[in-house]
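Engineer: Take a look and give me a structure for this.
(4 chains)
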Number of protein chains: 2
Amino acid sequence: MTASRPGPNLSRIATSLGVSVATVSNALSGKGRVSGQLVERIRERAAELGYVPSQAGRALRTGRSGVLGLVLPDIANPLFPKIAQAIEFAASAAGYGVLIADSRGDVAAQTEAINRLVERGVDGMVIIPRRATRISAAACPVAIIDTPSTPGNTVAADHWQGGLEIAGHLAGLGHRRVLIIGNNQESNVQNDRAGGIRSGMRSGMHSETLWIDRLEQENGIGCPLGLAEKVRQGFTAFAALSDLQALRALTELQQAGINIPADVSVTGFDDLIWSPVVTPSLTTVRMDMDRIAEIAVSALVDTIKTSSIREGVLVTAEIERVAMQLIVRQSSRPPEPGTKDLRDGEHVR
Amino acid sequence: MTASRPGPNLSRIATSLGVSVATVSNALSGKGRVSGQLVERIRERAAELGYVPSQAGRALRTGRSGVLGLVLPDIANPLFPKIAQAIEFAASAAGYGVLIADSRGDVAAQTEAINRLVERGVDGMVIIPRRATRISAAACPVAIIDTPSTPGNTVAADHWQGGLEIAGHLAGLGHRRVLIIGNNQESNVQNDRAGGIRSGMRSGMHSETLWIDRLEQENGIGCPLGLAEKVRQGFTAFAALSDLQALRALTELQQAGINIPADVSVTGFDDLIWSPVVTPSLTTVRMDMDRIAEIAVSALVDTIKTSSIREGVLVTAEIERVAMQLIVRQSSRPPEPGTKDLRDGEHVR
DNA sequence: TCAATCTGGTTAAACGATTAATCAGAGTAA
DNA sequence: TTACTCTGATTAATCGTTTAACCAGATTGA
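Structural biologist: All right, here's what the predicted structure looks like:
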């Protein structure tokens, strides 16, 4: 029993017009030598029969599947929807499908996931590593989206510059003492963001950094961050390295009776789904995921088209960093003059 | 130039052992008649050469691609990570790959996205419709994950029962006046959840429903929900139909100086990523997405394997609804006796 | 003893698209 | 007239796997 596809194939079109399959193939792909009128007639007939080329047949012959793999070691990442959406859009615009692979955070399973994609014959992969994972060269071109400071990175948001934006914003509002809140000290992305914030501090400004992973190792997961105490110490701005941490800070502060933004300001990163709808809405920094995806995919596709042999290449793009955009909302405001900020000044001295 | 795959193929194994390709194929698939020892030798050699079957060749011959499509009309849905993860896991356990398709919320683009998947030759699709979209029968088996009350639904969380859990929990705590908060009156899922909550009300309990979409049509997107006023009217519990709305309610109430859970309780649905880490952590109801995905995928795969012709079938499974699980955290507590709840009693009378 | 059956394989034909090689015929130049 | 080029098509091979059909040799049954 041969399960034949329902639709028409090249040969059906060919016999129905009394020409050869090669001619039909040439006419549709515009490659060989076919007269103008015949091309016209073939195109018409193909459309009228509802012809769709068999990817399997094409893949077998050309060795190209027309499919890209998308690897996210941390698929539970709340950024995933945006990433997947952007990659899928860019890929399908370039005529490619997107196969997803998940490794559930496990580093060993990541290799296995990559292998599954290779076995399925993807022409290339987009990998968004969680930490500084060395991507062991796969059997196909690979584009990496992480952060510009990661070696091998293809394209990414300029997280450092995003940090500068936050620092500039807080400085402009008049904040002096900033607490940076991250959750993973191993993360290249978070380190760049934090570095950007620190290097954006103006004279007279001071920052400290709170790493949640450290804190949770001691006090258990989900422990309080002790932010009310930080407020008492004179911090007037809390710059989280992700909106998830910003939300955690926001609610903890609110619960402690501290008003945002009247008493202190809170900022985040990534403009995640809840950021516009919480009260107060969250000042944050957004990355242009569509543009990043478009650059990554087109660089990947270029490499695929030019590299005749199926080899593991790390793809590079001309534009390596894409600017992040500051979104000012309600959660940031100048510190109340004469109260906490002044008290802080005394505290420092 | 024929771009040949790098790895070995059946014929390489065959010639290296001096047997025919058919025998190798039979040995590896365990289908034809091959002696035990020969099977053994072929398996060994295949492993030692690192043989991976060409999906393209197999797909061309069998008419099956070994790939499932995943269609999410609302890819920005915060549940997407969990869904994609669960589907990918179940599919790859069954030997299938997962191709994603996004329609960016556009209903017209949904059909186009489905077509793209069909053109890529997916063997079946899992569709998670946003609203009550009639799925125009695609050219392959389709499993739908929505809610049990949707006609054509294959398998889904028992949202109604989830609502009952919430209602039971709030009733057990002693709440009398419950405000249900949804954001989309067209959603089957949300209606089932709300219906469950309402039908779980004990005698003496009262509920009202606030639809955010209605409110935002009048007052603009991101408008305040006026929950402080509701508290004054005597509501002591706010049951959101999604954790996103729960979060919106939580922060709005906190900002208004209302303490949770001391003054009022807030509950959600879905156990989204932020629910355990906000303060107070959110009481919610979780669906067993892994189980749902496993049921949907295996039903789909069964249908694919038995239906010889490639036709558009709506797949059914034996288990149609999967129980949701109540997760009690900090945001729900008995109402303060003698204060708001009593005042409410008077207010009602 | 002769035919039927079983065992362990082999042969060959697909699946559908691509593409190098070829070919018939017309036009052209010497 | 002969050789050469150009155009517009056709032929045939190929990608890797699956599977129906066939076949040689051994065993079995009557």
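Engineer: Count residues in the vicinity of A:Arg104, would you?
Structural biologist: 14 (other C-beta atoms under 10 Å in any protein chain shown). All C-beta spots, glycine's among them, are computed from the backbone N, C-alpha and C.
Engineer: Confirm A:Arg116 sits in a strand?
Structural biologist: No. Checked against DSSP: H, G, I helix; E, B strand; the rest coil, A:Arg116 lies outside a strand; its state is helix.
Engineer: Next one: it relative to DNA strand D, how far apart?
Structural biologist: Here A:Arg116 is placed at a distance of 16 Å from DNA strand D (C-beta to the nearest atom of the strand, to the nearest Å).
Engineer: Next up, the contacts around A:Ser275.
Structural biologist: For A:Ser275, the contacting residues are A:Asp243, A:Ala246, A:Gly268, A:Ser281, A:Leu282, A:Thr284, A:Ile327, A:Arg329, by C-beta atoms under 8 Å, 6 or more residues apart in numbering or on different chains.
Engineer: before we move on, what SS does it have?
Structural biologist: Classified using three-state DSSP, A:Ser275 is coil.
Engineer: For the nearest residue to it once chain neighbours are set aside, give me its contacts.
Structural biologist: Closest residue to A:Ser275 apart from its sequence neighbours, by C-beta to C-beta, 6 or more residues apart in numbering or on different chains: A:Leu282 at 4.1 Å. Counting by C-beta under 8 Å, 6+ apart, A:Leu282 touches A:243, A:246-247, A:250, A:266-268, A:274-276, A:329-331.
Engineer: can you redo these as a markdown table with pLDDT and secondary structure?
Structural biologist: Putting these into a markdown table (pLDDT from 0 to 100; DSSP: H, G, I helix; E, B strand; the rest coil) gives the following:
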| residue | pLDDT | secondary structure |
| --- | --- | --- |
| A:Asp243 | 98 | helix |
| A:Ala246 | 98 | helix |
| A:Leu247 | 98 | helix |
| A:Leu250 | 98 | helix |
| A:Val266 | 98 | strand |
| A:Thr267 | 98 | strand |
| A:Gly268 | 98 | coil |
| A:Trp274 | 96 | coil |
| A:Ser275 | 97 | coil |
| A:Pro276 | 96 | coil |
| A:Arg329 | 98 | coil |
| A:Gln330 | 98 | coil |
| A:Ser331 | 98 | coil |
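Engineer: Neighbours of A:Gly174, how many?
Structural biologist: As a burial measure, A:Gly174 scores 13 neighbours (other C-beta under 10 Å).
Engineer: tell me the mean pLDDT for the helix or strand harbouring A:Gln217?
Structural biologist: Applying DSSP states H and E as the criterion places A:Gln217 in helix A:212-219. Throughout helix A:212-219, pLDDT has a mean value of 96.
Engineer: how distant is the following helix or strand past that helix from the center of its chain?
Structural biologist: As assigned by DSSP H and E, the chain's next helix or strand after helix A:212-219 is helix A:227-232. The chain centre lies 33 Å from the centre of helix A:227-232; the measure is C-alpha atoms, centre = their mean, to the nearest Å.
Engineer: Quickly check: helix A:227-232 near chain B or not.
Structural biologist: No. Helix A:227-232 does not reach chain B (C-beta under 8 Å from any C-beta of the partner chain); its nearest approach is 9.6 Å.
Engineer: Listing partners with orientation, what would you give for the next helix or strand after that helix?
Structural biologist: Using DSSP H and E, the helix or strand that directly follows helix A:227-232 along the chain is strand A:237-240. Paired with strand A:237-240 in the same sheet, following DSSP bridges, are strand A:177-182 (parallel), strand A:265-267 (parallel).
Engineer: for the helix or strand containing A:Ile100, packing partners?
Structural biologist: Using DSSP H and E, A:Ile100 sits in strand A:97-102. Other helices and strands packing on strand A:97-102, by 3 or more C-beta pairs under 8 Å, 6 or more residues apart in numbering or on different chains; DSSP states H and E, are strand A:67-72, helix A:80-93, helix A:107-119, helix B:80-93, strand B:97-102.
Engineer: Surely A:Gly162 touches A:Gly195?
Structural biologist: No. At 10.7 Å, A:Gly162 does not count as touching A:Gly195 under the criterion of C-beta atoms under 8 Å.
Engineer: Of these two, which one has the most company?
Structural biologist: Legend: neighbour count by other C-beta under 10 Å for A:Gly162 and A:Gly195, higher for A:Gly162 (27 against 16).
Engineer: Give me the distance between the residue nearest the centre of chain A and A:Val277.
Structural biologist: Compute the mean C-alpha point of chain A, and by C-alpha atoms, centre = their mean the closest residue is A:Ile83, 4.5 Å away. Shown here: A:Ile83 relative to A:Val277, a distance of 21 Å by C-beta to C-beta, to the nearest Å.
Engineer: try A:Thr284
Structural biologist: Going from A:Thr284 to A:Val277 by C-beta to C-beta gives 13 Å.
Engineer: And the two? Which one has more around it.
Structural biologist: Between A:Thr284 and A:Val277, counted using other C-beta under 10 Å, A:Thr284 has the larger neighbour count: 28 against 19.
Engineer: which SS class is the more buried one?
Structural biologist: strand.
Engineer: Quickly find the element holding the residue of the stretch 151-300 of chain A found nearest DNA strand C.
Structural biologist: The nearest approach of the stretch 151-300 of chain A to DNA strand C comes at A:Leu300, 19.9 Å away (C-beta to the nearest atom of the strand). In the assignment (DSSP H and E), A:Leu300 maps to helix A:289-306.
Engineer: is chain B contacted by that helix?
Structural biologist: No. Helix A:289-306 does not reach chain B (C-beta under 8 Å from any C-beta); its nearest approach is 10.7 Å.
Engineer: That helix - contacts with which helices or strands?
Structural biologist: Helix A:289-306 packs on helix A:80-93, strand A:124-127, strand A:142-144, strand A:156-157, strand A:321-322, going by 3+ C-beta pairs under 8 Å, 6+ apart.
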